[in-house]
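Engineer: return atomic coordinates for the entry below.
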Amino acid sequence: MEGNQSWVTEFLLVGFQLCRGTEVLLFSIFFLVYVFSLLANGMILGLICMDPRLHSPMYFFLSHLAVIDISYASNNVPKMLANLVNQKRTISFVPCIMQAFLYLAFAATECLILVVMSYDRYVAICHPLHYTVFMSWRVCIVLSITSWACGFILATLHAILLLRLPFCGPQEVNHLFCEILSVLKLACANIWINQVVLFAASVFVLVGPFSFMLVSYARILWAILKIQSGEGRRKAFSTCSSHLCVVGLFFGIAMVVYMVPDSKQREEQEKMLSLFHSLLNPMLNPLIYSLRNVQVKDAFYRALQKRAM
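Structural biologist: Numbering: from 1, shown residues only. The predicted structure is shown next:
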């Protein structure tokens, strides 16, 4: 039996099995969302770099989130768009593994950066007098480097465990891109170690951080309730509720995909859920975290005035 196995050198991305007209429509929608995500995150990154008023810990972390969202979307979406208009939906083995690696790396890093951002807001609202001590530039740099390092170390571990597996057919990845769970299903060897490590990593970057964020926002909301000004409470509640919605969707979907037992019926649902992480989340983050922010709007208007002069 071993002699009859032919090793896989490329994979076929199944994607959505739809009629041609629907695929063209989806291509147009996904392309517009992707371009908007790049422009919005790029604009925020540019404003934070150019405007001295935005050189604070909060916007420092927002700039990292913008970089992650640009990288995250660019890792998956271009190939996804190409597959919607191209009948040949193959991807070579090495690019496929790289895509899975970067997807995990950017996803894990984003989880940790979101935690750091919630901690920053917690300190700013609940301990304003100690903010400059708790969130010094040295602390901010250490937190950001730690987030990126942990994300890529975890992704490297998953990639190493993935590369040790033999792939000898079938070669059809039932997904929009090389998502690690879909690729693992094609391995012709026992994958229990990969599954255990993936579950443990999910607890580390999803359950733990999400629990910490819930506690942080609960403390923040409690502090907001003590604000005397009704207008101040309304603005604070609006901001926190928006942040919680995005965070809840991001972490909730990730937990469903990586921590709930798999089944045949969930494969198509997981494709739809992955669209949120790859397309909608990079678009929502700049809208929720930055473009609704008064200081970012002011920085944008100042940039327009300078350009007009």
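Engineer: for the rest of this, base every contact and every neighbour count on C-alpha atoms.
Structural biologist: Fine.
Engineer: now for the helix ranked longest in the chain, which elements pack on it?
Structural biologist: Counting by DSSP state H, the longest helix found in the chain is helix 93-126. Counting contacts by 3 or more CA pairs under 8 Å, 6 or more residues apart in numbering; DSSP states H and E, helix 93-126 packs against strand 10-13, helix 57-85, helix 131-134, helix 137-163, helix 208-225.
Engineer: what is the mean pLDDT for the longest one?
Structural biologist: Computed over helix 57-85, the mean pLDDT rounds to 91.
Engineer: likewise for the third one?
Structural biologist: Confidence over helix 131-134, taken as the mean pLDDT, stands at 90.
Engineer: what of the last one?
Structural biologist: Per-residue pLDDT values across helix 208-225 average out to 85.
Engineer: show me how far it is from its chain's centre.
Structural biologist: 21 Å (CA atoms, centre = their mean, to the nearest Å).
Engineer: so that helix versus helix 93-126, what angle?
Structural biologist: 30 degrees (axes from the mean of the first three to the mean of the last three CA atoms, to 10 degrees).
Engineer: distance of the closest residue to S136 other than its chain neighbours from V296?
Structural biologist: The shortest distance from S136 to any non-neighbouring residue, by CA to CA, 6 or more residues apart in numbering, is to P57 (7.8 Å). According to CA to CA, to the nearest Å, P57 and V296 sit 14 Å apart.
Engineer: cool, L154 as well?
Structural biologist: From L154 to V296 the distance is 33 Å (CA to CA).
Engineer: one step back: so the residue nearest to S136 sits right up against I141, yeah?
Structural biologist: No. Taking contacts as CA atoms under 8 Å, P57 lies outside contact range of I141: 9.3 Å.
Engineer: more neighbours: those two, which one.
Structural biologist: For P57 versus I141, the count of surrounding residues by other CA atoms under 10 Å is larger for P57: 20 against 15.
Engineer: show me what contacts the more buried one?
Structural biologist: Residues counted as contacts of P57 (CA atoms under 8 Å, 6 or more residues apart in numbering) are D120, M135, S136, W137, C140.
Engineer: name the nearest residue to the last one, sequence neighbours excluded.
Structural biologist: Put plainly, it is C140. P57 (6.5 Å).
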